[in-house]
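K.L.:
Have a look; sequence and predicted model below, questions after that.
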Amino acid sequence: MAEVSKEIAAKWGLVVDQDRCTGCNACVVACSMENNVPFGGEDNVAFGRGTYWIYNKRLWEGEYPEVAPAFQPVMCQQCGSAPCEPVCPTFASVHSEEEQINLMVYNRCIGTRYCANNCPYHARQFNWQDPDIPEPMNSYLNPDVTVRRRGVMEKCTFCVQRIVAGRQTAADENRPMADGDVTPACVAACPSGALVFGNLSDPNSRVSQMAANERQYKLMDELGTKPKVTYLKGGGRNGG
Amino acid sequence: MYSKVVHMALFKEEQIDHAAEAITRLRSLGIPDRDISVISGIPYSERILDRPMSWTRVGLIGLAGAVAGFIIALLFAFGTPFLYPLRVADMPIFFPIPTSIVVVFEITMLGLLISTFIGVFVETISPSYGPKGYHPKVSDGNIAVLFSGPMDLNEKFHSTFAELGATLEHDVEEEKLWL
Amino acid sequence: MAAEAKIFGKVQTAEQEHEDPTEQLMFDPRPREEMNRMVMEMMTTTTKKFWLFFFGLGGGVVVLLFGAWGYMISTGMWVTGLHRPIYWGVFIVTFVFWIGISHAGTFVSAILRVFKSEFRRPFTRAAELMTTFGLAAGALYPLIHLGRVWVFYFMVPYPNARWLWPNFRSPLVWDLLAITTYLLSSTIYLFLPLVPDLAMARDRTTGIRHMAYKILALGWRGTEAEWFRLKKAIQIFAFAIIPVMFSVHTIVSWDFAVSQVAGWHSTIFGPYFIVGAILSGVAAVVTILFVLRSTLKHMDYFLRPEHFDALGKLLLVFSFAWGYFFFNDYLLGWYGGEAAVRQLLTAHASGPAAWIWYTMLICNIGIPWLTLWNRKIRRTPWLMFIITLLINVGMYAERFTIIPLTLGHQRTPFDWGVYTPRPIELAIVLGTFCLFAFLYLVMSRLIPLVPVWEVQEGQVAHTLRKVGKAEIPTVTDLE
């Protein structure tokens, strides 16, 4: 029996400042290392089977010849009303009441890939084959994260293992969680400070302050998915 | 109780009028309806043969199955979320009515259709009343009137059926047609 | 005067307009004994060609279906052409195709039975058999396309240690329930009217066949009670299986329509899919009837141009209906003006795979509308064979457009993709076609493919009645 938690601990959220992103892809590398995301190799990536929990969309702005690249890192938006959840026949994609994020339970996944079709952000990845981790690469694997076998879906978890670790550390030290206790791998790796993570239910946290910025928008807000990721982009105005 | 022998009169497929007439005559000879049965290669309604209506409970059994399916469906749709509550999207955890209608419909229909078949199966293999007997010519479209009557009426049977153009067999043995 | 009306310069008399009623099966009765003999001969005749197809198709099932599928299970889904963002490809396309095919059996035998359309009589069983085997082939796909097929039972509602049940809000669980219901009920619906014919076969065979028919015929004698019960059960089934049939394809359409994918999220999808399913299903019935007619002994007595004619009219009606629903779906998407949908519609019509979209329109609308209005064409079986094959090509193209082509062109241009099926996928698809044909081939020699008692019942009910100077075909309701 599982209990539905009454108390909502924290509403985790992420802010992506596109005006600061340099497109260095450090977040992608850090994420892959943290979450044991398999390296598919050149051919698979070219074919569209590169597994990235966060990927950086390189878009072009302006008319030729006045074009400039714009970057948009996209990861699972941890929707409050996630399209991927109700369509799963086995409850492998569920809403976490405790973390207020979207969970992926690998053991329950049977690989219908329905969730992936229904994700408007294309944030969900499928394991087309078993991960190839030759010695001594297996020593790099993060023991806090499962290695997924072929046939299951996976996606960004907001580094849920770090959220849990942060909560446990705070509990050990007998204090409430403070802003900055939890830093997902991508946020930690971002050299330009374009990614900010924190508790959205705390109005004083850095992420809440930034999410209230005038430049803010949500990806495909019109679909009503209630994403937890806020993007900032000024388009030349508001200091952008 | 006098000893009863099962007789079988075979009519050709186009002689349905004669078969119906034969039943009337048998009745006038004192053979009750329950001692007569008609077997045929295509269905003839009781009105054509002037016979009492058959009965069957497949409709009722089917209905019972539908009710059972309906209850199981309700348990699936509204009971199982209590065993392991999980939230998906913004949907209600415990009473997701619109989606449950689909589940309830399918399982109710499954109950109805399967139990109708079980009804047919059980009724078919259960022992039936009335005279037994079979002739392969029935599946060639012939109409067989089976009846049991006292031996002393044998001659009358003969003359009746000869008049109607049927062949009469006596002492038809019950052939084992199933397991 | 009236008898010599001049139409397009051709003199047509009342005589020429009138068709000889004995061209119709119902007015060309033969003794039951002879029909039984014909059907038994049909069942027991095997030619060299039969065995060639038997081993060819059987080998196809083993190698293409089980071999390729086994290979895919052992190595993973990477052998398919699927990739982000196209997670569903020809497996789901063929799944929808087979489920669509399976609708015709019910349509022909249940709906036409309920409405007492007499032309259905000789081919109800052929159509029902198609339903059952179409479903058998289609029901494999939800398993084939799974990433982890070895744990498919996670979807089945059964009590387990954690008391975790499947998610009854997922259309895939509805699919499982609906297809199970439909497969079981259509199999029973095939079996029930078969019982008297199995009894007929029992009386005419010896040895193992006799034993098998004896068991399956459930001791059928043909008493009044048995007929009454059978008719009652068939009636319950005919009425109850129609809503089940509608629900099955509606649920298949909901797999797409409940999602937020641009181009899928459409309220018209339910009826649109049903009409498409019936169009492709009835077309497949005609295709199969042609094959049966040209390969089985004596089949040309039972299947006549009149049946192709009647089914051709149905096809024309459903082709109109399909065009209507397609236009509904298209127009509202176009008018709504949502950028993603507009782009999608443009991509379908002018993108790199536009030929698929045009194939769909030509085969589903162009060909039937241009040909099927003509009585001569409708009554020419081989022409109908070609037309109906093309309709099914069109319907396959429709599903291909709806599934991978739509998935590959969603809201974010960065994530657009093109999908090309790979050999393993095509082998599995071909394998299920072999499976269907193989099962049908085997079954055609195991059960009477023509419901003899229903044909005879119809022939008894049909008579020519003299009205004035003419003999008019009439039907008597024997019930």
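P.N.:
Done, it's in.
K.L.:
interface residues of chain A facing chain B?
P.N.:
Proximity of chain A to chain B (Cβ under 8 Å from any Cβ of the partner chain) is limited to residues A:1-2, A:4, A:79-83, A:85-86, A:88, A:91, A:93-95, A:97, A:226. Quick note: C-beta positions are derived from backbone N, CA and C, even for glycine.
K.L.:
Give me the subset of these that also touch chain C.
P.N.:
Applying Cβ under 8 Å from any Cβ to these, those adjacent to chain C are A:1, A:83, A:86, A:88, A:91.
K.L.:
And the residues of chain A next to chain B, which of them are buried?
P.N.:
Those of those that meet the buried threshold are A:79-83, A:85-86, A:88, A:91, A:93-95, A:97, by 16 or more other Cβ atoms under 10 Å in any protein chain shown.
K.L.:
What residue in chain A comes nearest to chain C?
P.N.:
Across chain A, the shortest distance to chain C (Cβ to the nearest Cβ) belongs to residue A:111, at 1.9 Å.
K.L.:
returning to what we had before: can I get the ones next to chain C among the residues of chain A next to chain B in TSV including secondary structure and pLDDT?
P.N.:
Shown next, in TSV, are those (DSSP: H, G, I helix; E, B strand; the rest coil; pLDDT from 0 to 100):
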residue	secondary structure	pLDDT
A:1	coil	38
A:83	coil	93
A:86	coil	93
A:88	coil	94
A:91	coil	92
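K.L.:
Please name the residues that touch residue B:73.
P.N.:
Residues counted as contacts of residue B:73 (Cβ atoms under 8 Å, 6 or more residues apart in numbering or on different chains) are B:100, B:103-108.
K.L.:
repeat for residue C:396
P.N.:
So residue C:396 contacts C:93-94, C:97 (Cβ under 8 Å, 6+ apart).
K.L.:
any low-confidence regions in chain A?
P.N.:
Across chain A, residues meeting the criterion (pLDDT under 70) sit at A:1-10, A:236-240.
K.L.:
circling back: find the pair from the ones next to chain C among the residues of chain A next to chain B with maximum spatial separation.
P.N.:
Farthest-apart pair in those is A:1 and A:83; separation 27.9 Å (Cβ to Cβ).
K.L.:
what about the closest residue to residue C:361 other than its chain neighbours, how many neighbours?
P.N.:
Excluding the flanking residues, the one nearest residue C:361 by Cβ to Cβ, 6 or more residues apart in numbering or on different chains is residue C:394, at 7.7 Å. By the criterion of other Cβ atoms under 10 Å in any protein chain shown, residue C:394 has 26 neighbours.
K.L.:
Following the chain past the helix or strand hosting residue C:394, name the next helix or strand.
P.N.:
Remark: residue C:394 resides in helix C:381-400, with elements defined by DSSP states H and E. Moving toward the C-terminus from helix C:381-400, the next helix or strand (DSSP H and E) is helix C:406-407.
K.L.:
tell me the mean pLDDT over that following helix?
P.N.:
Rounded to a whole number, the mean pLDDT of helix C:406-407 is 94.
K.L.:
again, but for stretch C:325-332
P.N.:
For stretch C:325-332, the mean per-residue pLDDT is 94.
K.L.:
For it, C-alpha coordinates in PDB please.
P.N.:
What follows is stretch C:325-332 as a C-alpha-only set of coordinates in PDB (Å, rounded to 0.1, in the frame of the first residue of the first chain):
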ATOM      1  CA  PHE C 325     -15.000  12.200 -42.600                       C
ATOM      2  CA  PHE C 326     -11.600  12.800 -44.100                       C
ATOM      3  CA  PHE C 327     -12.700  16.200 -45.300                       C
ATOM      4  CA  ASN C 328     -14.200  17.000 -41.900                       C
ATOM      5  CA  ASP C 329     -10.900  16.200 -40.300                       C
ATOM      6  CA  TYR C 330      -8.900  18.100 -42.800                       C
ATOM      7  CA  LEU C 331     -11.100  21.200 -43.100                       C
ATOM      8  CA  LEU C 332     -11.400  21.900 -39.400                       C
END
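K.L.:
hang on, the earlier thing: which ones among the residues of chain A next to chain B map onto strands?
P.N.:
With DSSP state E as the criterion, strands contain A:93-95 from among the residues of chain A next to chain B.
K.L.:
what's residue 232 in contact with, if anything?
P.N.:
In the absence of a named chain, this looks at chain A. Going by Cβ under 8 Å, 6+ apart, residue A:232 touches A:15-19, A:210, A:213, A:215-217, A:240.
K.L.:
Actually, chain C is the one I wanted.
P.N.:
When contacts are counted by Cβ under 8 Å, 6+ apart, residue C:232 touches B:56, B:58-59.
K.L.:
now the residues you listed as CSV including secondary structure and distance to residue C:51?
P.N.:
Output for these, formatted as CSV (DSSP: H, G, I helix; E, B strand; the rest coil; distance: Cβ to Cβ, whole Å):
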residue, secondary structure, distance to residue C:51
B:56, coil, 44
B:58, helix, 41
B:59, helix, 46
